[in-house]
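Q: Sequence and computational prediction follow.
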Amino acid sequence: MRTCAYCGSEVQNKYCDYCDMELSDRYILKEGKRLSQTIPHLPPEGDIFKGTKELLKLETIELLCLLRYARKYRSDVYNCRILTHKAEGAGGEVEGMKEKSFSDYEDATRKVWVIENILKDRIGYYPNKITSEFIDKYNDRIERSEKNVCL
């Protein structure tokens with residue numbers, strides 16, 4: 001039996017009578033099951049370069065991981081800017097590198113802002129610091145909530 005991922009009611013032609021809405025395929029499950037939010041693996045760091053439309057499709061836990069990566073990337077770009085500035089002070093020819101470092105830093109900052117704002121929209125805030133422990137606890141809460149589901 002095809003059921004709504006939100007309420008568990010039987011779905012007819014992608015429409016849930018109880019929720020009074022059309023469902024996309026992702027929200028049509030079987031036998032009253034609910035959406036799974038666990039991810040089998042952490043997203044690769046390169047996913048921070050996905051466009052905003054693609055980022056919006058990711059699970060919240062994935063976005064939290066990507067925010068951690070994006071913040072580290074921005075920090076690395078900033079450190080590169082400092083090195084470029086030092087090289088310039090030492091009389092090095094770095095004009096092209098200087099422009100590139102400013103551009104890279106601006107892009108990295110905007111990417112962090114995009115991910116933070118998606119998270120703020122979903123959960124009401126974005127964490128100031130994301131550690132491995134934070135990710136593990138968040139994932140543990142997801143797993144516990146899925147075990148406590150009763151129909």
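A: Ah, there it is.
Q: Which stretches in the chain count as strands?
A: 2-4, 15-16, 21-22, 28-30 (DSSP state E).
Q: Make TSV out of those strands and add mean pLDDT and distance to Asp76.
A: From N, CA and C alone the C-beta is placed, and that goes for glycine too. Formatted as TSV, the strands of the chain follow (pLDDT from 0 to 100; distance: least, C-beta to C-beta, whole Å):
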stretch	mean pLDDT	distance to Asp76
strand 2-4	89	44
strand 15-16	92	46
strand 21-22	90	44
strand 28-30	85	41
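Q: Dump the ones you listed to a markdown table, plus distance to Pro44.
A: A markdown table is the format used below for the strands of the chain (distance: least, C-beta to C-beta, whole Å):
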| stretch | distance to Pro44 |
| --- | --- |
| strand 2-4 | 32 |
| strand 15-16 | 35 |
| strand 21-22 | 33 |
| strand 28-30 | 27 |
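Q: for the ones you listed, which one ends up most surrounded?
A: Highest mean neighbour count among those (mean count of other C-beta atoms under 10 Å): strand 2-4, with a mean of 19.
Q: So which elements touch that strand?
A: Using 3 or more C-beta pairs under 8 Å, 6 or more residues apart in numbering; DSSP states H and E as the contact test, the elements touching strand 2-4 are strand 28-30.
Q: Listing partners with orientation, what would you give for the strand it packs on?
A: Paired neighbours of strand 28-30 in the sheet (DSSP bridges): strand 2-4 (antiparallel).
Q: quick one: which of the strands of the chain is nearest Trp113?
A: Among the strands of the chain, strand 21-22 comes nearest to Trp113, with 31.3 Å by C-beta to C-beta.
Q: and the closest one, how far out from the chain's middle?
A: With C-alpha atoms, centre = their mean, to the nearest Å as the basis, strand 21-22 stands 26 Å off its chain's centre.
Q: Can you tell me what sits against that strand?
A: Here strand 21-22 makes contact (C-beta atoms under 8 Å, 6 or more residues apart in numbering) with Lys14, Tyr15.
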